[in-house]
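Undergrad: Quick one, what's the 3D model for this:
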Amino acid sequence: MSHTSRLVVAASLLTLAASATITPYTPADGSTFTLLPEPQRKIMAFSTYDERLAALKADHDKPHDDRYYGKDRDSKWRISEPLVLRWRADAGEKGPWKIVLATKPDLSDGVAYWLESSSANARKLDDKKTVRYKWTVPRPNLKLGQTYYWKVWSDIKCKDYSCGSTLNGPCACGKAKKAHESSVASFTTDAQPPRWIAIEGRTKNIRDLGGWKTRDGRRVKQGLVFRGQGLNDNSVNGDAKGANRLMVEDIALFTQTLGVKTDLDLRSGRELADMKQSPLGAGVKLIHHPSSAYNGIFKKNPDELSSSGMKTMAENFRVFCDEKNYPIYFHCIGGADRTGSLAYVLNGILGVDKHDLDVDWEATFYPSLPELEKGYNGPTYWRREQYFDEGFAKYGDANSSWNDRIELYLLDCGVTKEEIAKFRSIMLE
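TA: Sure, this is the predicted structure:
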């Protein structure tokens, strides 16, 4: 090859490198990403409990393959839709990849993910140069109604691993490939609660208390209070604490990403046994308040079978009146009954309407409800939410809103108006 030919080839390669592009295309730039799977959204949209129960029962009576609500139980309930990122490499660029997902346009608060070439699913298009890649972000735990920004880099590997080069700095040895990068793309998440939180370990049914609209047009803040199942198993004998349910990365998620400072455990003393420290570590304050559920929260003088009641509800509420305790994770063992009863009161006093309070409690059980399950005496079994209906209905009068009745209940528990105002000032946007 002549000297002139070599110059032409070199110029062509430089032109190709200059024009090489990586284009993010899903989620589409400026689009809305719906976090809550369609079956959850549809069942929660029914106005009444009877409508939701009838829809679920009719669905359960269908052959399994014809079911809508009951299909894919583990993949469509108590979770958010997976965030799948897709990008196009127009000039054959390939990994290793760096992907940053952030809430600021300059990506300064972003989380970086590093992928080997094989980690992103690739598909060549007909022109043989353009390659489409897709990758599912592991447990992104996105907020509701939040705009996110993301960007992709490729060819970031340096031939000399000892030079200490980084993507955002010069290559110390000069042997690194030129990094190709995409533009910054954005998407906004839909604002429909609940916001589910996914972890690696065995604790499930985790969600943010926030995201719900209130009757005065405000919204409950996200990222301050989380509810879910126990972080460890119940004691099997009442003497030794149960096994931890968390993986190492889960503890980092709770304490670093979510920033949890307080573990409010609603279980009985026998369930906790000798546990003196939160499974999240010594840096998280453990508060143990054995608590009741349903009709038990309305008892002023609990009996031996119900060791707590209104007094404990007041004690629990005061945990949320101290800003030093935030963010807070509260739970029993299943995150359904004791946890659900406290969550109902907390969001109720913040002004979340009755429909949303009800469906948030029910979300633990979808695509079923306790009345539909064997062992609960069938559909004639006492509806758990009926305890709330009857208990709070005793407060106020015909002109009182449901939220007013819950406030009167809390005042009857011994909570003060000042404490209620403090909680609202912390939790409402």
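
Undergrad: Do a quick rundown of the helices in the protein.
TA: With DSSP state H as the criterion, the chain has helices at 3-19, 38-45, 49-60, 73-76, 248-252, 269-272, 310-319, 338-350, 354-362, 384-393, 402-413, 417-427.

Undergrad: max-length strand in the chain?
TA: Secondary structure of the chain per DSSP state E: the longest strand is strand 147-154.

Undergrad: Give the other helices and strands that that one contacts.
TA: strand 22-26, strand 84-89, strand 97-102, strand 180-181, strand 185-189 (3 or more C-beta pairs under 8 Å, 6 or more residues apart in numbering; DSSP states H and E). Every residue, glycine included, has its C-beta placed from N, CA and C.

Undergrad: in it, what's buried?
TA: Across strand 147-154, burial judged by 16 or more other C-beta atoms under 10 Å covers 148, 149, 150, 151, 152, 153, 154.

Undergrad: out of these, which one sits closest to residue 320?
TA: residue 148 (28.6 Å; C-beta to C-beta).

Undergrad: From residue 137, how far out is that closest one?
TA: With distances taken as C-beta to C-beta, to the nearest Å, residue 148 is found 10 Å from residue 137.

Undergrad: so what sits against both of those two?
TA: Counting by C-beta atoms under 8 Å, 6 or more residues apart in numbering, the residues touching both residue 148 and residue 137 are residue 101.

Undergrad: my read: residue 290 touches residue 308, true?
TA: Yes - counting by C-beta atoms under 8 Å, residue 308 is a contact partner of residue 290 at 5.5 Å.

Undergrad: of those two, who's got more company?
TA: Higher neighbour count among residue 290 and residue 308: residue 308, with 21 against 17, using other C-beta atoms under 10 Å.

Undergrad: residues contacting the more buried one?
TA: Contact analysis of residue 308 by C-beta under 8 Å, 6+ apart lists 289, 290, 291, 292, 296, 302.

Undergrad: Please produce a markdown table containing the residues you listed, extended by distance to residue 330.
TA: As requested, the contacts of residue 308 are exported to a markdown table (distance: C-beta to C-beta, whole Å):
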| residue | distance to residue 330 |
| --- | --- |
| 289 | 9 |
| 290 | 13 |
| 291 | 9 |
| 292 | 14 |
| 296 | 16 |
| 302 | 20 |
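
Undergrad: What is the nearest of those residues to residue 384?
TA: Proximity of these to residue 384 (C-beta to C-beta) peaks at residue 296, which lies at 11.7 Å.

Undergrad: Counting neighbours, what do you get for residue 287?
TA: The number of residues packed near residue 287 is 16, by other C-beta under 10 Å.

Undergrad: wait, doesn't it sit right on residue 263?
TA: Yes - the pair residue 287 / residue 263 is scored as a contact, 7.0 Å apart, by C-beta under 8 Å.

Undergrad: Out of the helices of the chain, flag the one nearest residue 131.
TA: helix 3-19 (14.9 Å).

Undergrad: Over the closest one, what's the mean pLDDT, rounded is fine.
TA: Average pLDDT, helix 3-19: 41.

Undergrad: so where is the stretch 201-350 of the chain shaky, pLDDT-wise?
TA: Applying pLDDT under 70 to the stretch 201-350 of the chain picks out residues 302-307.

Undergrad: ok, now which ones touch the closest residue in space to residue 298 that isn't next to it in sequence?
TA: Spatial nearest neighbour of residue 298, chain neighbours left out: residue 391 (4.3 Å); criterion: C-beta to C-beta, 6 or more residues apart in numbering. Contact analysis of residue 391 by C-beta under 8 Å, 6+ apart lists 295, 297, 298, 409.

Undergrad: Let me know the closest of the residues you listed to residue 199.
TA: For those, the residue nearest residue 199 by C-beta to C-beta is residue 297; the value is 28.1 Å.

Undergrad: returning to what we had before: from the buried residues of strand 147-154, which shows the smallest pLDDT?
TA: When those are compared by pLDDT, residue 154 scores lowest at 83.

Undergrad: Tell me the spacing between that one and residue 99.
TA: Computed as C-beta to C-beta, the residue 154 to residue 99 distance reads 10 Å.

Undergrad: what does residue 408 give?
TA: Distance, residue 408 to residue 99, using C-beta to C-beta: 51 Å.

Undergrad: Comparing these two, which residue is more hemmed in?
TA: Between residue 408 and residue 99, counted using other C-beta under 10 Å, the more crowded position is residue 99 (22 against 16).

Undergrad: Name the nearest residue to that one, ignoring sequence neighbours.
TA: Leaving aside its sequence neighbours, residue 99 sits nearest to residue 113 (C-beta to C-beta, 6+ apart; 4.7 Å).

Undergrad: can you check residue 35 too?
TA: Excluding its sequence neighbours, the residue lying closest to residue 35 (C-beta to C-beta, 6+ apart) is residue 80, at 4.3 Å.
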